[in-house]
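S.K.: Here you go, sequence then predicted model.
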Amino acid sequence: MSTYKVPSTDLTHWRLKVGEDSHGQQKWVYLRDEEERKSWPQGNVEKYWLGLKVVVPELEEPRTPLDAARNGFRFYKELQSEDGHFSTEYGGPLFLIPGLVISLAVCGRSLTSEQSTEIKRYLLNKRRKEGGWGLHTAAPPTVYGTVMNYVALRILGMGPDEGPMTEIRALIHKMGGATGIPTWGKVWLSVLGAYDWDGVGSIPPELWLLPDWVPFAPWRWWIHVRQTFTPMSYLYATRFIGPFTPLVWSLRNLLAVYEKLPYIPYLSSSLPVRQLAIDRVYQLLVYEDENTTYQTIGPVSKAFNMVCRYAREGPESEAFKGHLSRVDDFLWLSKDGLMMMGTNGSQLWDIAFTAQAAVETGLANEQENEESVKGMLDWLDKAQMRENPKWYKEGYRHRTKGAWPFSTPEQSYVVSDCVSEGLKAVMALQELDYTSEAVDSDRMRDAVDTILSMQNPSGGFASYELQRGSKKLEWLNAAEVFGNIMIDYEYPECTTSALSALKHFSKLDPKYRAEDIERTVNKAIEYIHDVQKPDGSWYGSWGICFTYATMFALESLSIAGETWAKSERVKLACDFLVQRQMSDGGWGETYMSCVTGEYAQHENSQVVQTSWAVLALIYAQYPDKSVVDRAAKLIMSRQKKDGRWEQEDTEGIFNKNCAIDYPAFKFIFCIWALGRADKYLRS
């Protein structure tokens, strides 16, 4: 590896601005003026995430798991923003930054010099020892990750032979050249003008002209796929190319297109049907932009949509300006540099679990935590979506009235487990003696209506909407780097969140849709039974992996009254976990479990996965308390004197093979598991 000195800004000049334009919004800004910096000093939130010294006291040595949980919450409260939520990074994927950088370049825009410097620092810090980049920070280099991030660095101003660039270029040639990258990458390089559109496989917009009843019509695809396919097909059909510059010409020489694909005759742009299709897909992406205030569902579609609006309406259009105004929402500054997050954050997801952990451990009842708890409830109150999106029918969206999102209400997407965990958090917080009824029963009923609307015939819950198509649609999967993405699959994690929310609600409001709730919960339990693996585990699609899903599934079964003493399937699940407890008392699993479908042992135990296992065994009422005692001691042994835990390996996953980080989990689940373990061990 090169000894090149990685560029950096002065990290003490950065500030995190929360809620400037919308509820839950978080943006990093660089203060160039010294007087402005003095009037707006860095707080512990900024210092922590930038790896600077946080001003907190050393805490008393914990004697019990609850003491350790309390210390953990004392530190975590320092990371709570003034609006009540816990600002957190949400990174890991390495294919997001290139799309943003290319989109801005072809639209004649650029990031600030400080942002560009910090993105370069991030990419160079995340470069693997083998010399390139993979799909995500935990993966070995691929030609896709290496080519796209090389291009991003060049656009950001690095010379062809600056620092490690020569080595990276050599690695690209060693890997067989840039023509080996998947379609998504080729589309971006074609937009840039560094690759010929003729070398891109067909992405026909005409699919959106199909009647809705057609089994493979795009509205049946998983939401992330169709919202990415829509702008990609527009750019493909219009053959949009950004301005040719000397940099683009030099990249064309590097990427050297060798493949040519003929136009498909009936899809020729000379035919009226092509223009009809172009207009149709453009209208759909306009719906998406207006439904989400130019956030779109995620960073990939965000960048593609921005180019489409620029190409069609120009740089002075309100649509393009709207997109530019939301770019910073996706950028997070960490100690390693500036990344593009997997969404505009994980605000709701983190605070919903934090709230439940605080209540279930009893920490919410302690006077020192009351202001923090009130802040959480206030944030949750304002985060609920009160209506459906403007174009939700025209944009083939599921209802959102009463729902909570994954990140912010402005982003506007319901996710089954997010509305469920958001509702559970509100119910838990509002049961405390000192909180108000911020969310009334009518609003809770709206949330319940949305949850009930999301159950599939199998009893399981998918993520954003009902399962709309057959699994045979995977035959059309052209992403080449992801698995199981063409439809919205059902998940034990989402199903557990939904059924547990409904069950808790029915105790609070027993008369509202009682029969519907009972029927839904019973079908959901049947689904949990059906998808249990022969070894007793459940496969996790959003966290790593079997440990994560088994925690959720055992929560479901505990709600159904199925515990270790009463259920053979619960005993089997507990055996699965206990057999994988490591010698130090912890658990550790790698993201390769998600890729291969087989449990992949980590070389080190992980506090987050250990916490998941502890919670799972407590849900199951596992009788051998020594197992939980050893695990609790392992979590306590990793805690620092100020109450924090250090970041370990990645915790999350999506699309089977892309890891994503949830750095708040090391606080949330360690606190939760220790507090619950304290009660369990004393019971």
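M.R.: That came in fine, so what should we check first? Numbers count the residues shown, from 1 in each chain.

S.K.: which residues does residue 495 contact?
M.R.: With contact taken as C-beta atoms under 8 Å, 6 or more residues apart in numbering, residue 495 is in contact with 459, 460, 461, 524, 527, 528, 552, 556. C-beta here means a position set from N, CA and C on the backbone, and glycine is covered the same way.

S.K.: how distant is the helix or strand hosting residue 186 from the center of its chain?
M.R.: Under the criterion of DSSP states H and E, residue 186 resides in helix 183-192. Counting by C-alpha atoms, centre = their mean, to the nearest Å, helix 183-192 is centred 24 Å from the centre of its parent chain.

S.K.: try stretch 207-221
M.R.: On C-alpha atoms, centre = their mean, the centre of stretch 207-221 falls 27 Å from that of its chain.

S.K.: Which parts of that stretch count as buried, going by neighbours?
M.R.: 207, 208, 217, 218, 219, 220, 221 (16 or more other C-beta atoms under 10 Å).

S.K.: Identify the residue nearest the third one in space, chain neighbours excluded?
M.R.: To tie it back to what came earlier, the one meant is residue 217. residue 210 (4.6 Å; C-beta to C-beta, 6 or more residues apart in numbering).

S.K.: for that neighbour, what are its contacts?
M.R.: 216, 217, 218.

S.K.: For it, give me the pLDDT.
M.R.: If you check residue 210, the pLDDT there is 94.

S.K.: how much space between it and residue 437?
M.R.: 48 Å (C-beta to C-beta, to the nearest Å).

S.K.: so which strand or helix has residue 677?
M.R.: In this structure, residue 677 sits in helix 665-682 according to DSSP H and E.

S.K.: May I have that helix as PDB, with CA atoms only?
M.R.: C-alpha atoms of helix 665-682 as PDB (Å, rounded to 0.1, in the frame of the first residue of the first chain):
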ATOM      1  CA  PHE A 665     -26.800  -0.800  18.000                       C
ATOM      2  CA  LYS A 666     -23.700  -1.200  20.200                       C
ATOM      3  CA  PHE A 667     -25.400   1.200  22.600                       C
ATOM      4  CA  ILE A 668     -29.000   0.200  22.200                       C
ATOM      5  CA  PHE A 669     -28.800  -3.500  22.400                       C
ATOM      6  CA  CYS A 670     -26.000  -3.700  25.000                       C
ATOM      7  CA  ILE A 671     -28.100  -1.500  27.300                       C
ATOM      8  CA  TRP A 672     -31.300  -3.500  26.500                       C
ATOM      9  CA  ALA A 673     -29.700  -6.900  27.000                       C
ATOM     10  CA  LEU A 674     -27.900  -5.900  30.200                       C
ATOM     11  CA  GLY A 675     -31.000  -4.400  31.700                       C
ATOM     12  CA  ARG A 676     -33.100  -7.400  30.800                       C
ATOM     13  CA  ALA A 677     -30.400  -9.800  31.900                       C
ATOM     14  CA  ASP A 678     -30.300  -8.100  35.400                       C
ATOM     15  CA  LYS A 679     -34.000  -8.900  35.900                       C
ATOM     16  CA  TYR A 680     -33.700 -12.400  34.500                       C
ATOM     17  CA  LEU A 681     -30.700 -13.300  36.600                       C
ATOM     18  CA  ARG A 682     -32.400 -12.100  39.800                       C
END
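
S.K.: So for that helix, what gets flagged as buried?
M.R.: Applying 16+ other C-beta under 10 Å to helix 665-682 flags 665-678, 680-681 as buried.

S.K.: Then stretch 502-511?
M.R.: In stretch 502-511, counting by 16+ other C-beta under 10 Å, buried: 502, 503, 504, 505, 506.

S.K.: In helices only, show me the residues you listed.
M.R.: Judged by DSSP state H, the buried residues of stretch 502-511 include 502, 503, 504, 505, 506 as members of helices.

S.K.: isn't the fourth one right next to residue 517, touching?
M.R.: Just to be clear, that refers to residue 505. Yes - at 7.3 Å, residue 505 and residue 517 qualify as touching, with contact defined as C-beta atoms under 8 Å.

S.K.: and for the two, which residues touch both?
M.R.: residue 448.

S.K.: neighbours around residue 590, how many?
M.R.: 21 (other C-beta atoms under 10 Å).

S.K.: same check, this time on residue 599
M.R.: By the measure other C-beta under 10 Å, the count of residues near residue 599 is 17.

S.K.: Off-centre distance for the longest helix seen in the chain?
M.R.: Criterion DSSP H: the longest helix present in the chain is helix 272-291. Chain-centre distance of helix 272-291: 27 Å, with C-alpha atoms, centre = their mean.

S.K.: Okay, buried residues for the next helix-or-strand element following that helix please.
M.R.: The element immediately downstream of helix 272-291 (helix or strand, assigned by DSSP H and E) is helix 299-313. Buried residues in helix 299-313, counted by 16+ other C-beta under 10 Å: 299-312.

S.K.: residues in contact with the helix or strand that helix 299-313 is followed by?
M.R.: Going down the chain from helix 299-313, the next helix or strand is helix 318-324, by DSSP H and E. For helix 318-324, contacts defined as C-beta under 8 Å, 6+ apart pick out 107, 109, 286, 289, 293-294, 302, 305-306, 309-310, 313-314.

S.K.: re earlier: in the longest helix of the chain, what's buried?
M.R.: For helix 272-291, using 16+ other C-beta under 10 Å, the buried residues are 274, 277-278, 280-282, 284-291.

S.K.: and that helix, what does it pack onto?
M.R.: helix 223-238, helix 299-313, helix 318-324 (3 or more C-beta pairs under 8 Å, 6 or more residues apart in numbering; DSSP states H and E).

S.K.: In PDB, could you pull the C-alpha coordinates for the first one?
M.R.: Extracted as PDB, the C-alpha positions of helix 223-238 are listed here (Å, rounded to 0.1, in the frame of the first residue of the first chain):
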ATOM      1  CA  ILE A 223     -39.800  -0.800  -4.500                       C
ATOM      2  CA  HIS A 224     -36.000  -0.200  -4.500                       C
ATOM      3  CA  VAL A 225     -35.600  -2.000  -7.800                       C
ATOM      4  CA  ARG A 226     -38.500  -0.300  -9.600                       C
ATOM      5  CA  GLN A 227     -37.500   3.200  -8.300                       C
ATOM      6  CA  THR A 228     -34.000   2.600  -9.600                       C
ATOM      7  CA  PHE A 229     -35.100   1.000 -12.900                       C
ATOM      8  CA  THR A 230     -37.400   3.900 -13.700                       C
ATOM      9  CA  PRO A 231     -34.800   6.700 -14.000                       C
ATOM     10  CA  MET A 232     -32.200   4.200 -15.400                       C
ATOM     11  CA  SER A 233     -34.600   3.400 -18.200                       C
ATOM     12  CA  TYR A 234     -35.200   7.100 -18.900                       C
ATOM     13  CA  LEU A 235     -31.500   7.800 -19.200                       C
ATOM     14  CA  TYR A 236     -31.000   4.600 -21.300                       C
ATOM     15  CA  ALA A 237     -33.800   5.500 -23.700                       C
ATOM     16  CA  THR A 238     -32.700   9.100 -24.100                       C
END
